[in-house]
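J.: output the structure for:
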Amino acid sequence: MKQNLFDLVPFIGEHITTEKEGELSVITFPRFRTKFMQKYLVPKNKSATIRVRLDENGTAVWNLIDGKRTIRAITESLAEQFNHEANYEYRIAVYFSQLYKQGFVKYGK
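T.: Next up is the predicted model:
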């Protein structure tokens, strides 16, 4: 039986750190996951980490990922943030799909 995306509980990947820049969140993760690759494959004058600055909506979603709430609960909590706009649930679902594809979040039950 295939599980509905909205019933999944997202949690932040162990290699991700979150910082604040004013009101927005910045997620940071290593360019390469192994120390060997970090040592030998990171270009000179480049950081060993990549920083992604989230926009207002992305920050609102990210801040609610706690490993306890389902995507449905997060979506319901953000109805006001998205001004109850049509299809905001779809936007959040696509966002979670992208976060998962990039390895920023994992899903539990």
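
J.: helices along the chain, start to end?
T.: Per DSSP state H, the chain carries helices over the ranges 35-41, 56-63, 71-77, 88-101.

J.: list the buried ones in the last one?
T.: It stands for helix 88-101. 88-89, 92, 95-96, 99-100 (16 or more other CB atoms under 10 Å). In short, each C-beta sits where N, CA and C put it, glycine included.

J.: show me the shaky parts of the protein.
T.: 1-2, 32-44, 46, 48, 109 (pLDDT under 70).

J.: looking at the helices of the chain, which is closest to Ile50?
T.: For the helices of the chain, proximity to Ile50 was assessed by CB to CB; helix 35-41 is nearest, at 11.8 Å.

J.: re the thing from before, export the helices of the chain as TSV, with columns for distance to His15.
T.: Below are the helices of the chain laid out as TSV (distance: least, CB to CB, whole Å):
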stretch	distance to His15
helix 35-41	11
helix 56-63	15
helix 71-77	21
helix 88-101	13
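
J.: these: which one's closest to Ile12?
T.: That would be helix 56-63 among the helices of the chain, by CB to CB, at 8.2 Å.

J.: tell me the angle the closest one makes with helix 88-101.
T.: Counting by axes from the mean of the first three to the mean of the last three CA atoms, to 10 degrees, helix 56-63 lies at 60 degrees to helix 88-101.

J.: within the sheet, what are the partner strands of the strand with the most length in the chain, with directions?
T.: With DSSP state E setting the assignment, residue counts place strand 24-30 as the longest strand in the chain. Strand pairing for strand 24-30, using DSSP bridges, gives strand 17-21 (antiparallel), strand 49-53 (antiparallel).

J.: tabulate the CA atom coordinates of it in PDB.
T.: The C-alpha trace of strand 24-30 is given here as PDB (Å, rounded to 0.1, in the frame of the first residue of the first chain):
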ATOM      1  CA  LEU A  24      15.000  33.800   7.200                       C
ATOM      2  CA  SER A  25      16.700  30.400   7.600                       C
ATOM      3  CA  VAL A  26      19.900  29.400   5.900                       C
ATOM      4  CA  ILE A  27      20.500  25.700   5.500                       C
ATOM      5  CA  THR A  28      24.100  24.500   5.300                       C
ATOM      6  CA  PHE A  29      25.400  21.100   4.200                       C
ATOM      7  CA  PRO A  30      28.800  19.700   3.100                       C
END
